[in-house]
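Visitor: got a predicted structure here, sequence first:
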Amino acid sequence: MGFLGWIILGLIVGAIVKAIMPGTVGGGWVTSLVLGVVGAIIGGWIGDLLFGGGRMEFWNLGSWLLAIVGGLVVAGIYGFITGRNKTTT
């Protein structure tokens, strides 16, 4: 899957990350989508290194899982750095 495919997948992942971790990612939907794209690209890059470039396709479940995990990790790191992971009671 090419770079453009990972960007499209990342936009979808950004929406999923916003739904899963609503309080962690500050800045609204745009920030979530950007973090999803970054996470999907990083997840795809790691997947290409681990499993070889030929197996990563847009409709492959493994590609989606790597992109979602990558997006969650990037959103978690972003939330930790910006201090958004603190909950208010």
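Guide: Received the coordinates, thanks. Numbers count the residues shown, from 1 in each chain.

Visitor: contacts for the lengthiest helix in the chain next, please.
Guide: Ranked by residue count under DSSP state H, the longest helix found in the chain is helix 28-51. Residues from elsewhere that reach helix 28-51, judged by C-beta atoms under 8 Å, 6 or more residues apart in numbering: 1, 3, 6-7, 9-18, 25, 55-56, 62-63, 66-75, 78. For glycine as for every other residue, the C-beta is placed from the backbone atoms N, C-alpha and C.

Visitor: which of those residues are buried?
Guide: With neighbours counted by 16 or more other C-beta atoms under 10 Å, these contain buried members at 1, 6, 9-10, 12-14, 16-18, 25, 56, 63, 66-72, 74-75, 78.

Visitor: CA-only coordinates of the helix or strand following the longest helix of the chain, as CSV, when you get a sec.
Guide: From helix 28-51 onward toward the C-terminus, using DSSP states H and E, the following helix or strand is helix 61-82. Coordinates of each C-alpha in helix 61-82 appear next as CSV, following Å, rounded to 0.1, in the frame of the first residue of the first chain:
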residue,chain,number,x,y,z
LEU,A,61,-7.1,-6.6,8.6
GLY,A,62,-3.5,-6.6,9.7
SER,A,63,-3.0,-3.2,8.1
TRP,A,64,-6.0,-1.8,9.9
LEU,A,65,-4.9,-3.2,13.2
LEU,A,66,-1.4,-1.8,12.8
ALA,A,67,-2.8,1.6,11.8
ILE,A,68,-5.2,1.7,14.8
VAL,A,69,-2.5,0.6,17.3
GLY,A,70,-0.1,3.1,15.8
GLY,A,71,-2.8,5.9,16.1
LEU,A,72,-3.5,5.0,19.7
VAL,A,73,0.2,5.0,20.6
VAL,A,74,0.8,8.3,18.9
ALA,A,75,-2.3,9.8,20.6
GLY,A,76,-1.3,8.5,23.9
ILE,A,77,2.2,10.0,23.6
TYR,A,78,0.7,13.3,22.4
GLY,A,79,-1.6,13.3,25.4
PHE,A,80,1.2,12.5,27.8
ILE,A,81,3.4,15.3,26.4
THR,A,82,0.6,17.9,26.4
